[in-house]
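In: Structure of the sequence below:
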Amino acid sequence: MDELRGDQAEWRFDGESIAITYETKGWFKSPLLKLLGGLDVPVAAVEGVDFRPGAARKGGWVMNLRLRERMDPYAAVGAMLDDRAQPFRLTGPASTELVAEYLVDQMRFAAEQAGPPDGATPTGLVPPLPLHVRTFEGTAHLDSDRLSLMWGGEASGYKKKQKRREYDLADITGVEWSPLDDWGRGFVRIRTSPGAEEAGAKPRNDLDVLRAGEDGNEIHQVFLLAATVTAHVWAGAAADRLALGSGQAADGRRQPSDGQAWWRGTARGALDAVRRPGSPLSLLVGGNAGDGPDGAEDAPAGAGERRTAATGSEAGPADTAWIFEQIERLGELHAKGILTDEEFAAKKAELLGRI
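Out: Predicted structure coming up:
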């Protein structure tokens, strides 16, 4: 096992994972990394390793792990973290540069040889569940399928009157974290649809927001909450994608009801179109006959005519209204995390190109 001690942590590499143990002694060490304690990063989750000799103070080196898409929940919510709080960053003195460079080469090689990461990997990089966080404004409780915000303490009268807000993880599309401002206040905000927030509501009265302060590392605790929610939302979306691709139900996750057959067909068709670019985009409407438990009944009336229009056959030009309808449905899959940014952009462009 290769080992390297830096200013913030000690990294141990065994060929399959990178075990990171953060330094917790000293008032100048990052409070966030102290709360984390340590992480175990599978090399399959690593996209690359950046190494910059001479970039740190006194000619020391800087090393950064770059994780694959939807593998780093900390980067997803903490773009405003300062360098010393970055969990996958390590610095060290010039005297250990050769040792550090050797470790970088080993990790890069292992990452190149590794297969695709498990969709549940991000949940192993965040604090375990259940997670309970308390701030001056209230508390948050996160378990395997639900997040609850409860207000008390110094919360506004409006929030205290509402008492609490609960979310199914399957309904959460994103989490926003804001660090401390000039008044010593930060917050975490829960999103349930793209760009959704209470119209004109400031964090003090926004029922999707839990504010935090400096005392008791509140701001770092809500940051970990944001990262943990994000990791589990990603893992749930990955499980849904796997289930839709295999035609099986994802264990423990809510599936579309019989009244939502259009959603099931759309999801299957969209994933098929994304994964096999040569397949007809008409699959976006209702799926193939017999493609699910409802068989041909999944396809809405008129689907045959729309398929002809979407594929640009001799029957006539593309149906513009139909195309925009499919883009809207693709957007819903993208918001749920079932389609990646790249997949959504590619299929949207392809659909628009048919107008």
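In: Helices of this protein, start to end?
Out: For the chain, the helices defined by DSSP state H cover 31-36, 73-77, 97-113, 157-162, 218-246, 261-275, 303-310, 320-335, 341-352.
In: Show me the contact partners of the shortest one.
Out: Right, the one you point to is helix 73-77. For helix 73-77, the external contacting residues (C-beta atoms under 8 Å, 6 or more residues apart in numbering) are 67, 81, 86-88, 122, 125-126, 175-177, 223, 226-228, 230-231, 234. Glycine gets a C-beta too; all of them are placed from N, C-alpha and C.
In: Domain ranges for the chain, per the record?
Out: With domains defined by automatic domain parsing, the chain comprises 2-125, 131-237, 256-352.
In: Distance to A243 added to these, as TSV?
Out: Formatted as TSV, these follow (distance: least, C-beta to C-beta, whole Å):
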stretch	distance to A243
domain 2-125	11
domain 131-237	10
domain 256-352	10
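In: Dump these to a markdown table, plus mean neighbour count and mean pLDDT.
Out: Formatted as a markdown table, the domains of the chain follow (neighbours: other C-beta atoms under 10 Å; pLDDT from 0 to 100):
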| stretch | mean neighbour count | mean pLDDT |
| --- | --- | --- |
| domain 2-125 | 17 | 93 |
| domain 131-237 | 18 | 90 |
| domain 256-352 | 17 | 55 |
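In: can you give me phi and psi for the closest residue to E214 other than its chain neighbours?
Out: In this structure, E214 finds its nearest non-sequential neighbour in G184, 5.2 Å apart by C-beta to C-beta, 6 or more residues apart in numbering. Note on G184: backbone dihedrals following degrees, to the nearest 10 are phi 70, psi 30.
In: quick one: G184 and L98, what's the gap?
Out: Between G184 and L98 the distance is 44 Å, computed by C-beta to C-beta, to the nearest Å.
In: swap in G92?
Out: Counting by C-beta to C-beta, the gap from G92 to L98 is 11 Å.
In: which ones are touching L129?
Out: By C-beta under 8 Å, 6+ apart, the neighbours of L129 are 142-144, 228, 232.
In: and if you look at G15?
Out: G15 makes contact with 43, 106, 110, according to C-beta under 8 Å, 6+ apart.
In: and which of these is nearest N217?
Out: Nearest to N217 among the contacts of G15, counting by C-beta to C-beta, is V43 at 30.7 Å.
In: Excluding chain neighbours, what is closest to the closest one?
Out: Distances taken as C-beta to C-beta, 6+ apart place A110 nearest to V43, at 4.4 Å, with adjacent residues excluded.
In: ok, the one you found touching E16?
Out: Yes. Judged on C-beta atoms under 8 Å, A110 makes contact with E16 at a distance of 7.4 Å.
In: any residues in contact with both of the two?
Out: Joint contacts of A110 and E16 (C-beta under 8 Å, 6+ apart) are V43.
In: what separates stretch 108-116 from the chain centre, distance-wise?
Out: For stretch 108-116, the separation from the chain centroid amounts to 22 Å (computed by C-alpha atoms, centre = their mean, to the nearest Å).
In: which residues sit against it?
Out: The contact list for stretch 108-116 (C-beta under 8 Å, 6+ apart) reads 13, 15-16, 42-44, 46-49.
In: Closest one to E350 out of these, please.
Out: Closest approach to E350 among the contacts of stretch 108-116 (C-beta to C-beta): E47, at 26.3 Å.
In: correct me, but the closest one touches R68?
Out: Yes. Counting by C-beta under 8 Å, E47 does reach R68; the two are 4.7 Å apart.
In: overlap in contacts of the two?
Out: Counting by C-beta under 8 Å, 6+ apart, nothing touches both E47 and R68.
In: need the contact list for G119.
Out: Contacts of G119 by C-beta under 8 Å, 6+ apart are 234-235, 237-239, 241-242.
In: 7 Å instead, please
Out: 235, 238-239, 242 (C-beta atoms under 7 Å, 6 or more residues apart in numbering).
In: can you list contacts of stretch 52-66?
Out: 41, 46-51, 88-94, 97, 100, 104.
In: can you rerun that using 8 Å?
Out: With contacts defined as C-beta under 8 Å, 6+ apart, stretch 52-66 is touched by 6-7, 18, 41, 46-51, 86, 88-94, 96-97, 100-101, 104, 107.
In: What about those residues, which are in strands?
Out: Per DSSP state E, strands hold the following members of the contacts of stretch 52-66: 18, 41, 46-51, 89-92.
In: Now render those residues as TSV, adding distance to Y158.
Out: Formatted as TSV, the ones in strands among the contacts of stretch 52-66 follow (distance: C-beta to C-beta, whole Å):
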residue	distance to Y158
I18	46
V41	42
V46	45
E47	44
G48	47
V49	48
D50	46
F51	50
R89	40
L90	44
T91	45
G92	50
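In: any idea which of these is closest to E328?
Out: Nearest member of the ones in strands among the contacts of stretch 52-66 to E328, counting by C-beta to C-beta, is E47, at 31.7 Å.
In: G78 and F223: what is the separation?
Out: For G78, the distance to F223 - C-beta to C-beta - is 6 Å.
In: Look up how far A212 lies from the residue nearest to E214.
Out: Going from G184 to A212 by C-beta to C-beta gives 10 Å.
In: Kindly report the same for I323.
Out: 45 Å.
In: now W11
Out: 30 Å.
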